[in-house]
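>>> One predicted model, sequence on top.
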Number of protein chains: 2
Amino acid sequence: MTRTTGPGAGTASAEVSSAPRRGRPRDAARDRALLEATLAVLAESGYRGLTTAAVAARAGVSTATLYRRWSSKEDLVVAAAATVTEGPCDPPGTGSLEGDLRVVLRDKAAVMTGESGRLMRALVGEAACNPVLAGALTVAFLEPVYRRVAEVVRCAVERGEIPPVENPDLLGEIVVGPVMSRFLLTPDPPERVPADAARAEADRFLPFVLRAVGGTPRT
Amino acid sequence: MTRTTGPGAGTASAEVSSAPRRGRPRDAARDRALLEATLAVLAESGYRGLTTAAVAARAGVSTATLYRRWSSKEDLVVAAAATVTEGPCDPPGTGSLEGDLRVVLRDKAAVMTGESGRLMRALVGEAACNPVLAGALTVAFLEPVYRRVAEVVRCAVERGEIPPVENPDLLGEIVVGPVMSRFLLTPDPPERVPADAARAEADRFLPFVLRAVGGTPRT
């Protein structure tokens, strides 16, 4: 969906492109500059105040250069947000359903708090009246974590830890919905929640979520 | 928090005030006119475009009359939304945890879809950058349903249906968080979900939610 989805991806593409030619990998650097400019303009002007012209000017490129990379303001903003908020997508592979769910919940709580939480909350708020942004957010943030949850549960069923669940398409909402509600639908600013408090809060949800999918908490 | 929280409350106060004096109960009628004007201006201009002056003008009263009833734009809008979106608050009293949770989930799905869903989504979106509105929404919509959930679970524990849960303060998020995520965090407009589809969707969440709080689905 986006060319660069995080600092890691940027580095990887820089390494690849440095093989055939010398010097700085110009495209990856320009991607990064544009995404950083997007975050800076977003912080200053908010989503509605952000224009692609302001982002291009700040990054020192033309708007044509910007639009060759991202076809809309929505795509650009979601790509920039992903560099800050993107959590791991692979199944944790701890070997147990409880261990895997603990990691999934902690990762989601981390994304929903701190600076990434502030950004996510602003975008989710804006998405309430912007279906294009809502769609881009769903593809970039919701679907990957829902797939991760489904995979974690599928592996647990395969290991014989739990019986198959009745409505697997609801697993994403069941597992991360409570944590998202906890940090999204509250007057408390998510950026003020320290990382260790977010992790502890995620752990408190674990026994409920584990039982919900058919597991038995150890404690 | 508000003087009138629904058509029912308005009727009750009209009955009370009709006893000592004759004729139309002017205050309740004025409350209703102001709340209806608020919903009309909200539909036309959105939350940001709404001014208390426009609402007062539309209802044919002074802004002073409006501010005697609601002290801020946020309170006024939440009170108006409550006339459309407020679900039942009392424990359903079906006699079983599964029956009670079914009612709670169906009621929440009904509020999150249709015309009330459209309104809730717009307000939740706005609340992302308006802490005063977020606080008013929490008091008016989140806390009552969370209290209802806690009471349903408390009764089930008292009946011996389930053991006490480990973190009762999370019950609200655990029970209605998945349904709220389902209808809030999606590009699909909640106003297009028919009532019977919302109810069926709520029922699909029931076995997960029942297990989460320690119950056993019958099927």
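All right, it came through fine.

>>> where does chain A dip in pLDDT?
A:1-26, A:219 (pLDDT under 70).

>>> where's the residue nearest the centre of it relative to residue A:100, distance?
The centre of chain A sits closest to residue A:86, judged by C-alpha atoms, centre = their mean, with a distance of 3.4 Å. Residue A:86 sits 19 Å away from residue A:100, taking C-beta to C-beta, to the nearest Å as the criterion. From N, CA and C alone the C-beta is placed, and that goes for glycine too.

>>> max-length helix in chain A?
In chain A, with assignment by DSSP state H, the single longest helix is helix A:26-49.

>>> For residue A:96, grab the count of nearby residues.
15 (other C-beta atoms under 10 Å in any protein chain shown).

>>> which non-adjacent residue is nearest it?
residue A:161 (7.1 Å; C-beta to C-beta, 6 or more residues apart in numbering or on different chains).

>>> list the contacts for the closest residue to residue A:59 other than its chain neighbours?
Excluding its sequence neighbours, the residue lying closest to residue A:59 (C-beta to C-beta, 6+ apart) is residue A:37, at 4.0 Å. Going by C-beta atoms under 8 Å, 6 or more residues apart in numbering or on different chains, residue A:37 touches A:55-56, A:58-59.

>>> Could you do residue A:145 as well?
A:87, A:89, A:104, A:108, A:172, A:176.

>>> Who are the contact partners of the first one?
Neighbour list for residue A:87: A:107-108, A:110-111, A:145 [criterion: C-beta under 8 Å, 6+ apart].

>>> how about residue A:215, secondary structure?
Applying DSSP: H, G, I helix; E, B strand; the rest coil to residue A:215 yields a three-state assignment of coil.

>>> now the contacts of residue A:145: which count as buried?
A:87, A:104, A:108, A:172, A:176 (16 or more other C-beta atoms under 10 Å in any protein chain shown).

>>> any idea how far chain B is from the fourth one?
Applying C-beta to the nearest C-beta, to the nearest Å, one obtains 8 Å for the distance of residue A:172 from chain B.

>>> Quick check: closest non-adjacent residue to that residue.
Nearest residue to residue A:172, sequence neighbours excluded (C-beta to C-beta, 6+ apart): residue A:146, at 3.0 Å.

>>> residues near residue A:169, how many?
With other C-beta under 10 Å as criterion, residue A:169 counts 10.

>>> Can you list phi and psi of it for me?
Listed backbone geometry of residue A:169 is phi -70, psi -10, with angles given as degrees, to the nearest 10.

>>> Over to residue A:95?
Main-chain dihedrals, residue A:95, degrees, to the nearest 10: phi 100, psi -10.

>>> picking up where we left off before, residues contacting the residue nearest to residue A:96?
Taking C-beta under 8 Å, 6+ apart as the test, what residue A:161 contacts is A:96-97, A:215.

>>> which SS state does it fall under?
Residue A:161 ends up coil, using three-state DSSP.

>>> which other residues reach stretch A:168-182?
With C-beta under 8 Å, 6+ apart, stretch A:168-182 has contacts from A:101, A:104-105, A:108-109, A:112, A:142, A:145-146, A:149-150, A:153-154, A:165, A:201-202, A:205, A:208-209, A:212-213, B:170, B:173-174, B:176-182, B:185, B:204-205, B:208-209, B:212.

>>> Weed out the non-buried ones from those.
A:101, A:104-105, A:108-109, A:112, A:142, A:145-146, A:149-150, A:153, A:165, A:201-202, A:205, A:208-209, A:212-213, B:170, B:173-174, B:176-182, B:185, B:204-205, B:208-209, B:212.

>>> per-domain residue ranges of chain A.
A:7-72, A:87-212 (automatic domain parsing).

>>> hey, which of those is tucked in deepest?
A comparison of the domains of chain A by mean neighbour count, using mean count of other C-beta atoms under 10 Å in any protein chain shown, puts domain A:87-212 on top with a mean of 19.

>>> check contacts around the nearest residue to residue A:127 once chain neighbours are set aside.
Spatial nearest neighbour of residue A:127, excluding adjacent residues (C-beta to C-beta, 6+ apart): residue A:134 at 3.9 Å. Going by C-beta under 8 Å, 6+ apart, residue A:134 touches A:127-128, B:186-187.
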